[in-house]
Every structure is written in C-alpha cells, then in structure tokens.
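> predicted model, plus sequence, below.
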Amino acid sequence: MNERDFTLLNDYFNGLLAPDDAQAVEARAVTDAEFGEEFALRQQMEAYPRRAAQRKSFTDTLNVVETDFFQEKAGKKPENQPPMTAKVNRMRWLAAAAALVLLAVAVWFISSPEPAEYNQYAQHVPLSLTLRGAADQAASEAEDAFNEKNYPAAFAALDRLLAEQPDNLTAQLYKGICLIELDRTADARAVLEPIANDTSALRIEATWYVALSYLKEKNTAACQNELSKIPPGDVRYEQAQALLKKLGE
C-alpha cells in the first residue's frame, strides 16, 4: 500500500470515483490481498458510526427503563392500597424488569463483534465476456447488467447466452454468482459445484463462491469446509484464510 492507494480508497468511500473506477477498486480488492484487507477495514470503519448510533439508542433506552425500574422498586407501597392497584403495580414492575433484561441482551448483541457477513466478502470481479470472443447482444447485456449490480437482468442475459454457448464456463460462473445474489443459494451451488470439481482455471473461483453461498445461509461448517479447499498461492487464499479465522472466532 502506498499513498496513492490510500487516496484511491478515500475517493472510493467518499463516492468521488466514476462507476468504472469504483468497479476497478472492488475488483482489485478481490485479487490484491493487502489492498483487500485495507478495503475491508475501511468498510468496517464506514459502518461503525451507524452501529455506534444503534448502540447509543439501545443504551439510552436501557438507562430510562433502568431508572424507572429501580424507582418503582425503591418506592414505598402506599398504605391501604387497594388489591387491584397493588396487582397493577406488580405487573408494571415485572414488565419493567422483563424489558430491562431484554434490552440488556440487545445491547450485548449490538456491542459484540460483527459476524462474518456475505456482503463483506462478495466483491465481484467485473464481468467481461466480449473480450473472450462472445461479442453478441446477450453477452453485452449480461456484462452491463452484472457490472451495474442488476442481477435479475444479468441472470436472464446469461441464460440466453448459455442457450447458445452451454460450455461457456465464465458465463456459468457468473450465473452462479447471480443466483447467490438473488438468494437462490441451492440453485447457485448446482451451477457452481461442477465447475469447482472440474480442472478448469475457474475451479477455485467457483469453490470460493460455493463457500460464499453457504456463508449467506449462515452455514458455518459447510462454508469452512469449502474454504479449506482453496490452496496456498491462489489469489483467493488470503481471503479464504481471513474468513476462516473470522468464522472461528
């Protein structure tokens, strides 16, 4: 990382980059381990104010309930209090106590370290089919839609392309990615696992996305199993190890 890289990240997170330049940053975060770590750190830093505001809101509410609760508990019971009034006060006391416990749990949950989330790791390399010789309308539409994060349109265009070119592994891979983004994770694995189990140059990339499909489902064990298949030296290895460490925390 150099000063130019830090400036680039500042511009990215401040929304100062053109769409193509922003996509290039996201692509580099996937292939450059050091740059990707700094990118992920900046993502967490950008999200922190929102989480801090949530924690403050819960804490403020907890303080109010706690004050009312202990005032109610410390207050003296009025003499000759009607039975019904005493019952209502007791119900209020129990409700306040229950609210206090629930809010304490909520504050603990909000304040605890964030779990590994799919969106943190789903930084997709821009789709480029026309450079691989598939320069027809479906390929062009798929590229445009995917790189604009319009996954339903990209999926439809990739399906049309694969009807003509069923052996296009790049199109198959990105169809699987679209399915993950559309929350059809089981369907995505049906597309991605044959590529992952093959010997093509895309097998590790497919394995990475199979792992991410399980991450999106919060199936930690299956995700870890897929990540462990990514070998040292591969461009996804550092990311896989970082995610394995996160999942093990």
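Yep, it's here. All values reported here derive from a predicted model rather than from experimental measurement. Numbering: from 1, shown residues only.
> CA atoms for contacts and neighbours, from now on please.
Will do.
> quick check: domain ranges of the protein?
1-114, 125-248 (automatic domain parsing).
> just flag whichever of those domains has the lowest average confidence.
Lowest mean pLDDT of those: domain 1-114, a mean of 62.
> quick one, what contacts Val125?
23, 26-28, 30 (C-alpha atoms under 8 Å, 6 or more residues apart in numbering).
> which of those residues fall in helices?
Mapping those onto helices (DSSP state H) picks out 23, 26-28, 30.
> with neighbour count and distance to Asp198 added, can I get these in JSON lines?
Output for the ones in helices among the contacts of Val125, formatted as JSON lines (neighbours: other C-alpha atoms under 10 Å; distance: C-alpha to C-alpha, whole Å):
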{"residue": "Gln23", "neighbour count": "19", "distance to Asp198": "29"}
{"residue": "Glu26", "neighbour count": "20", "distance to Asp198": "27"}
{"residue": "Ala27", "neighbour count": "16", "distance to Asp198": "24"}
{"residue": "Arg28", "neighbour count": "18", "distance to Asp198": "26"}
{"residue": "Val30", "neighbour count": "23", "distance to Asp198": "22"}
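> looking at the residues you listed, which is nearest Asp234?
Val30 (11.6 Å; C-alpha to C-alpha).
> quickly find the element holding Cys223.
helix 220-227 (DSSP states H and E).
> that helix packs against which elements?
Packing partners of helix 220-227 (3 or more C-alpha pairs under 8 Å, 6 or more residues apart in numbering; DSSP states H and E): helix 203-216, helix 237-248.
> of the ones you listed, which stretch is the most buried?
Across the helices and strands packed on helix 220-227, averaging neighbours per residue (mean count of other C-alpha atoms under 10 Å) puts helix 203-216 on top, at a mean of 24.
> show me where the chain has helices.
Taking DSSP H as the criterion, the chain carries its helices at 3-13, 19-31, 33-74, 83-111, 118-121, 137-147, 151-164, 169-181, 185-196, 203-216, 220-227, 237-248.
> now Asp11: closest residue in space that isn't a chain neighbour?
Leaving out its chain neighbours, the residue that sits closest to Asp11 by C-alpha to C-alpha, 6 or more residues apart in numbering is Leu17, at 6.1 Å.
> these two touch, right, that neighbour and Thr7?
No. Judged on C-alpha atoms under 8 Å, Leu17 makes no contact with Thr7 at a distance of 11.1 Å.
> between these two, who's got more neighbours?
Leu17 (16 against 10; other C-alpha atoms under 10 Å).
> what residues of the helix holding Cys223 count as buried?
220, 222-224, 226-227 (16 or more other C-alpha atoms under 10 Å).
> ok so, going back, for the residue nearest to Asp11, give me phi and psi.
With angles defined as degrees, to the nearest 10, Leu17 sits at phi -90, psi 150.
> how near is it to Ala186?
According to C-alpha to C-alpha, to the nearest Å, Leu17 and Ala186 sit 35 Å apart.
> and Asn10, by the same measure?
The value you get for Asn10 to Ala186, if C-alpha to C-alpha is used, is 37 Å.
> cool, and Phe146?
Applying C-alpha to C-alpha to Phe146 and Ala186 gives a distance of 20 Å.
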